[in-house]
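Novice: Here's my sequence, what's the structure:
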Amino acid sequence: MEKAIEKAAALVEAMEYIRRFRGRIVVVKLGGSILDDESLRRKLLTDVVFMATVGMQPILVHGGGKAITRAMAEAGLEPVWVQGRRYTDERTLNIAEHTLVKKINVPICQTLQELGCPAMGLHSLGSCVLLAEPIRRTDDQGRRIDLGLVGEATEVNGSLLQALCRAGVVPVIATVACTKTGGKLNVNADGAAGKIAAAVQAEKLVVLSDTHGIRTDRDDPDSWVSSLNEPQIEQMIAEGVVTEGMRPKVEACLVALEGGVQKAHIIDGRIAHSLLLEIYTDKGIGTQIIR
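Specialist: Okay, here's the model as predicted:
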């Protein structure tokens, strides 16, 4: 009986949030173990279907760095990293595109369909909603750094994404982008998610990773912070507290907020129902970033 009462209480708590977010878009960036663990991914997508069922309009964005690295190894290629970015030549781009679309995007769409939720894959081998420009960087001496076919998302077809959401279809976006001249560029999935959230005026951006939100001390799990604002985040970046893999996620959240998104969240996707707990409960389980 106690368990039944707890379940009923959870439903009542969720009701307020279900009402508040009905008809609102939420952009979910998938990353980390979720993309490599089929069982974990299916559980997460079940939560996405729940969101769609109760009236929220999810948009999924994914990369696939680990899978791309494995595919490159199978092809006899060793990844080359330049300032934290994978150097991308034509062969690497072809491998990345095939991996992102065929090995990740298509299975995600198939799982959503199996769970009763219409989905559409949007990528560079079909309907591409991302436009990008090559990233141009220089070193301390002002010399150009060559990253190859690596870009930054500059434009998003927000109208198409909003139309799909209104029609009850979940867009699933793989982050190889097109250029205005007909080329293709590999873009960072975190950064793309931030741009997409801003373009569709999403209610929320949720970045799923293998870390339990943001810590004030990277080596102390107990230093996790439940809520931060933009000035606090910018200070943590300046002081070097937010670095390495967390930095692009945080920067994506800031891009989303600057573009009009109400809140951004960074949560651990390995925790059961983490997506629902962050959105539909009072306390949440990750770090929310607000203006």
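Novice: Contact partners for the closest residue to Glu152 other than its chain neighbours?
Specialist: Closest residue to Glu152 apart from its sequence neighbours, by CB to CB, 6 or more residues apart in numbering: Ile135 at 5.2 Å. Glycine gets a C-beta too; all of them are placed from N, C-alpha and C. Going by CB atoms under 8 Å, 6 or more residues apart in numbering, Ile135 touches 85, 147, 150-152.
Novice: pretty sure Asn188 contacts Ala177?
Specialist: No - counting by CB atoms under 8 Å, Asn188 stays clear of Ala177, with 10.3 Å between them.
Novice: more crowded one of those two?
Specialist: Using other CB atoms under 10 Å as the criterion, Asn188 and Ala177 rank with Ala177 on top: 26 against 22.
Novice: related to what we said a few turns ago, most neighbours, which of the contacts of Ile135?
Specialist: Most surrounded of those: other CB under 10 Å gives Gly151, at 28 neighbours.
Novice: Checking that one next. Helix, strand or coil?
Specialist: Here Gly151 is strand, with the state taken from DSSP: H, G, I helix; E, B strand; the rest coil.
Novice: Return the backbone torsion pair for Gly148.
Specialist: Here is the backbone geometry of Gly148 (degrees, to the nearest 10): phi 80, psi -140.
Novice: Find the nearest non-adjacent residue to it, please.
Specialist: Of all residues beyond its chain neighbours, the one nearest Gly148 is Thr88 (4.3 Å), with distances taken as CB to CB, 6+ apart.
Novice: got a list of what the one you found touches?
Specialist: Per CB under 8 Å, 6+ apart, neighbours of Thr88: 96, 147-150, 185-186.
Novice: Then Val129?
Specialist: Val129 neighbours (CB under 8 Å, 6+ apart): 122, 156-157, 160-161, 171, 173, 196.
Novice: Just the buried residues of those residues.
Specialist: 122, 156-157, 161, 171, 173, 196 (16 or more other CB atoms under 10 Å).
Novice: Those in helices, which ones?
Specialist: Among these, the members falling in helices (DSSP state H) are 161, 196.
Novice: now the buried ones among the contacts of Val129 in JSON lines, with pLDDT and distance to Asp140?
Specialist: Below are those laid out as JSON lines (pLDDT from 0 to 100; distance: CB to CB, whole Å):
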{"residue": "Leu122", "pLDDT": "97", "distance to Asp140": "38"}
{"residue": "Val156", "pLDDT": "98", "distance to Asp140": "33"}
{"residue": "Asn157", "pLDDT": "97", "distance to Asp140": "37"}
{"residue": "Leu161", "pLDDT": "98", "distance to Asp140": "39"}
{"residue": "Pro171", "pLDDT": "98", "distance to Asp140": "40"}
{"residue": "Ile173", "pLDDT": "98", "distance to Asp140": "35"}
{"residue": "Ile196", "pLDDT": "98", "distance to Asp140": "33"}
